[in-house]
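Peer 1: Test case, fold it:
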Amino acid sequence: MPAHDDPIAATPPPDRLSDRRVALEKQWNRLAAPSRPLTLPRDTGAVRADVAKSWQRSLHTVDPATEVAPGFNDISDRWSESPLRRPVTELAGQLRGMAEDSGYLAVVSDESGT
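Peer 2: A predicted model of the protein is given here:
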């Protein structure tokens, strides 16, 4: 990921994705946790201000305690027709490995967010 796209580029990169997750969670708790004031501090630390603002905007529509994405009863027809099906299937092992190492999710969605 290029440094300009990295939300915590100002800090040395942790060796493992799980270390990076811990660093991001600390920043999220400082800047955007529901218990924090809605006013963004002037100093956002290692997190770019636009990222911190996005986190805060998301609090109005996304419950941070949610651990399972909302789903649809059956998306198999949509998935079978998706142009992403083949490349995602081919990369599934790599995506799974990155997600497991970092503790994050790898999500693929269509243009409507499904």
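Peer 1: Next, count neighbours for the residue nearest to Val108 when sequence neighbours are not counted.
Peer 2: Closest residue in space to Val108, ignoring its immediate chain neighbours: Val88 at 5.1 Å, by CB to CB, 6 or more residues apart in numbering. Backbone N, C-alpha and C define where each C-beta goes, glycine included. In terms of burial, Val88 registers 14 neighbours under the definition other CB atoms under 10 Å.
Peer 1: Tell me where the chain has helices.
Peer 2: Along the chain, the segments classed as helices by DSSP state H run 17-31, 49-58, 76-81, 85-102.
Peer 1: Switch the ones you listed over to JSON lines; also include distance to Thr66 and mean pLDDT.
Peer 2: Putting the helices of the chain into JSON lines (distance: least, CB to CB, whole Å; pLDDT from 0 to 100) gives the following:
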{"stretch": "helix 17-31", "distance to Thr66": "15", "mean pLDDT": "81"}
{"stretch": "helix 49-58", "distance to Thr66": "11", "mean pLDDT": "81"}
{"stretch": "helix 76-81", "distance to Thr66": "22", "mean pLDDT": "84"}
{"stretch": "helix 85-102", "distance to Thr66": "17", "mean pLDDT": "90"}
